[in-house]
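# Dropping the sequence and predicted coords here.
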Amino acid sequence: MNRKFVLSVGLATALTLGSLGSLVLAHDELGSDIIEKGTGPGYEAIESTIEGSESFNWKEVAAVQIQEKDGKLNSTADVYVHKSFAYTGTHTKGGGEGGVRVWDLKDPANPKEVAAFADDIPGTWQEKVIVKRVNTKQFKGDLAVVSVQQLDTHNPDSIGGFLLYDVTNPYQPKKLGFWALDKKVRGTHELYLTVQNGRPLVLTANPYADYYTHGEEKDFQLVDVSNPAEPQTLYQFDPRSLPEVPEDFDGYNWTDKHGKNRAVFNHSTMADVNGTTAYLSFWDLGTIILDINDPENPTFLGRTEFSSNQQGSAHSAALAKGGNVLIETREVYNPTKEGYEQAYGYTRIFDIKDKTKPNLLSEFRTELVDDVQYGLTFANTVHDPKVQGNTLYLSHYGGGVRSVDISDPSNPVEIGKYIPERSNIWGVDVAGDYVYASDMGTGLKVLQQTDGEE
């Protein structure tokens, strides 16, 4: 596999780089190790591209670029499949404002882009979308929640948070409401929609909200959207409630038990199938597990931890084995940070039958993870996980899509690989016999399993 490296506008999410010298972007008054990929003037990140393609046990059924909007071609962000439609978010290329694109998947080999929505807030980008069926007194139908992030918090016309749309007819989405954050907060990064006993709840990850608002708003907020026109915030999680986090915690910097300065912010959220347990990807504080049976009064259950030489970077989570196994992906893209192992981000698998004591079962690394000669690059780190049955699917930027047999979670085995030319895979989702992947540069990919090399 041949690789070359280019300088390009960054990718997606908010992350910690560590000691990068002049590449570190001053994050307003924070000015520490944070870099927000794809935001801020003059920020460039090294990203690898792969010449040619490579796959085994997977074939590409379709590959379709998103349409230009207002004469601009946006980059593609995450993908979510509901019923026979795919929804892809957009990133910052072309100045953002690309909205969510809707794809008709009735013929998976010929997906058709049929609508765009959630593009109505100036100076923002729309990364993440979740769609679920909702039935409340105020709304009955398919509800879409869309993350909204500002390109520049100094733009007086922009604001972050999340949008709510009726996509019961995916060809004609209708705006229902908006949940706004403080203007100083860039926005809601990743989010999740769950339905608990008929009550729809949105779990938000709002990186650095705690820091920028001096604790008035928190990085994790739980919002009732029973009436999508009037979202109601029920709860906010304060890391200071944990015994290992001091009361004078500034909303970002934390010194762990090994004396290392760590980054603490909420990057992603999800819930179990019943909407009773929440999983918060709190970067170097690990994956935090909350009991949300009473959404107004959640309780802390436990969290994952890292070894002293392991960069944290808990990025996203997924569940397996009926909710008894936790998949944690870690987006580490500076593999030579002083004081830590030399490796890009890889996946960790935990037994969480006892959620108060997550037990590490195994770690899954691709061939890219330990290839640190390329230095700073997103291409070699894992990104997002999805699970169907006993198969784990991972989006891996330059590493494409990986499928992993987790029948025995203590011994994960890679069983499939798909790397398109110039791979830059952001997200992955699974529906029926197909896997859907979003490539930042080239749009929507539709994959199907085969019996061998392709």
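The structure has been received and is ready for your questions.

# From Asn169, how far out is the residue of the chain positioned farthest from its centre?
In the chain, counting by C-alpha atoms, centre = their mean, Lys137 sits farthest out from the average C-alpha position, at 30.9 Å. Look at Lys137 and Asn169: by C-beta to C-beta, to the nearest Å, they are 21 Å apart. C-beta coordinates here come from the backbone N, C-alpha and C atoms, glycine included.

# doesn't the residue farthest from the centre of the chain fall inside a helix?
No: read with DSSP: H, G, I helix; E, B strand; the rest coil, Lys137 is coil and lies in no helix.

# where's it relative to Thr287, distance?
34 Å.

# hmm, back to that, let me see the contact set for the residue farthest from the centre of the chain.
Going by C-beta atoms under 8 Å, 6 or more residues apart in numbering, Lys137 touches Ser226, Asn227.

# Which pLDDT value goes with it?
Note for Lys137: predicted pLDDT of 98.

# just Leu23 next, same as before
For Leu23, the predicted pLDDT is 25.

# Show me where the stretch 1-150 of the chain has its strands.
2-8, 14-16, 34-36, 45-51, 54-64, 76-82, 85-90, 100-104, 112-117, 124-125, 129-135, 140-150 (DSSP state E, counting those that start in this stretch).

# Comparing those, which comes out most buried?
strand 124-125 (a mean of 30; mean count of other C-beta atoms under 10 Å).

# thinking again about what came up before, now the residue farthest from the centre of the chain: how far from Gly275?
Applying C-beta to C-beta to Lys137 and Gly275 gives a distance of 18 Å.

# Then Phe139?
17 Å.

# same check, this time on Pro231
16 Å.

# next one: Ser75
Counting by C-beta to C-beta - Ser75 and Gly275 are separated by 32 Å.

# Those two: who's more crowded?
Ser75 (27 against 21; other C-beta atoms under 10 Å).

# Contact partners for the more buried one?
If you count contacts by C-beta under 8 Å, 6+ apart, then Ser75 has Thr90, His91, Thr92, Lys93, Gly94, Gly98, Met440, Gly441 around it.

# can you give me the helices in this structure?
For the chain, the helices defined by DSSP state H occupy 209-212.

# Point out where the stretch 151-300 of the chain drops to low pLDDT.
Within the stretch 151-300 of the chain, no range satisfies pLDDT under 70.

# mind listing the strands for it?
Under DSSP E, counting those that start in this stretch, the stretch 151-300 of the chain gives strands at 161-166, 174-180, 191-196, 199-205, 220-224, 232-237, 253-255, 261-263, 268-271, 277-281, 287-291, 299-303.

# re the thing from before, of the strands of the stretch 1-150 of the chain, which shows the lowest average pLDDT?
Of all these, strand 14-16 has the smallest average pLDDT, which comes to a mean of 33.

# Test my guess that Thr299 contacts Ala278.
No: counting by C-beta atoms under 8 Å, Ala278 is not a contact partner of Thr299; they are 10.6 Å apart.

# okay, the strands of the stretch 151-300 of the chain in JSON lines with mean neighbour count next?
Output for the strands of the stretch 151-300 of the chain, formatted as JSON lines (neighbours: other C-beta atoms under 10 Å):
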{"stretch": "strand 161-166", "mean neighbour count": "25"}
{"stretch": "strand 174-180", "mean neighbour count": "17"}
{"stretch": "strand 191-196", "mean neighbour count": "22"}
{"stretch": "strand 199-205", "mean neighbour count": "24"}
{"stretch": "strand 220-224", "mean neighbour count": "23"}
{"stretch": "strand 232-237", "mean neighbour count": "17"}
{"stretch": "strand 253-255", "mean neighbour count": "16"}
{"stretch": "strand 261-263", "mean neighbour count": "19"}
{"stretch": "strand 268-271", "mean neighbour count": "25"}
{"stretch": "strand 277-281", "mean neighbour count": "26"}
{"stretch": "strand 287-291", "mean neighbour count": "22"}
{"stretch": "strand 299-303", "mean neighbour count": "16"}
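
# Which one, of the ones you listed, ends up nearest to Gln449?
strand 268-271 (25.0 Å; C-beta to C-beta).

# how close does Ala209 get to Arg348?
For Ala209 relative to Arg348 (C-beta to C-beta), the value is 26 Å.

# Kindly state the pLDDT recorded for Glu44?
For Glu44, pLDDT reads 36.

# Also Ile66?
pLDDT at Ile66 comes out at 97.

# Next up, the contacts around it.
Applying C-beta under 8 Å, 6+ apart, the residues near Ile66 are Leu73, Asn74, Thr76, Thr88, Thr90, Gly98, Arg101, Glu113, Gly443, Leu444.

# Out of the strands of the stretch 151-300 of the chain, which is closest to Lys59?
That would be strand 268-271 among these, by C-beta to C-beta, at 29.3 Å.

# Check the offset of the closest one from the chain's centre.
9 Å (C-alpha atoms, centre = their mean, to the nearest Å).

# Within the sheet, what are the partner strands of it, with directions?
strand 277-281 (antiparallel) (DSSP bridges).

# Now do the strand it pairs with and strand 220-224, the angle between them.
140 degrees (axes from the mean of the first three to the mean of the last three C-alpha atoms, to 10 degrees).

# Kindly format the C-alpha coordinates of strand 277-281 as CSV.
Extracted as CSV, the C-alpha positions of strand 277-281 are listed here (Å, rounded to 0.1, in the frame of the first residue of the first chain):
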residue,chain,number,x,y,z
THR,A,277,-28.1,4.2,30.4
ALA,A,278,-26.0,6.9,28.8
TYR,A,279,-22.4,6.7,27.6
LEU,A,280,-20.4,9.9,27.5
SER,A,281,-17.0,9.9,25.6
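
# And the contacts of it?
Residues outside strand 277-281 that contact it (C-beta under 8 Å, 6+ apart) are 190, 203, 205, 220, 222, 237, 266-272, 287-292, 298, 301, 314-317, 319, 323, 326, 328, 355.

# How far does it sit from its chain's centre?
With C-alpha atoms, centre = their mean as the basis, the mean position of strand 277-281 lies at 13 Å from the chain mean.

# that older thread, turn the strands of the stretch 151-300 of the chain into a markdown table, including distance to Asp370.
Below are those laid out as a markdown table (distance: least, C-beta to C-beta, whole Å):
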| stretch | distance to Asp370 |
| --- | --- |
| strand 161-166 | 37 |
| strand 174-180 | 41 |
| strand 191-196 | 32 |
| strand 199-205 | 29 |
| strand 220-224 | 33 |
| strand 232-237 | 34 |
| strand 253-255 | 27 |
| strand 261-263 | 23 |
| strand 268-271 | 25 |
| strand 277-281 | 23 |
| strand 287-291 | 23 |
| strand 299-303 | 26 |
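
# So which of those strands is nearest Leu376?
strand 261-263 (16.7 Å).

# now for the closest one, which elements pack on it?
strand 253-255 (3 or more C-beta pairs under 8 Å, 6 or more residues apart in numbering; DSSP states H and E).
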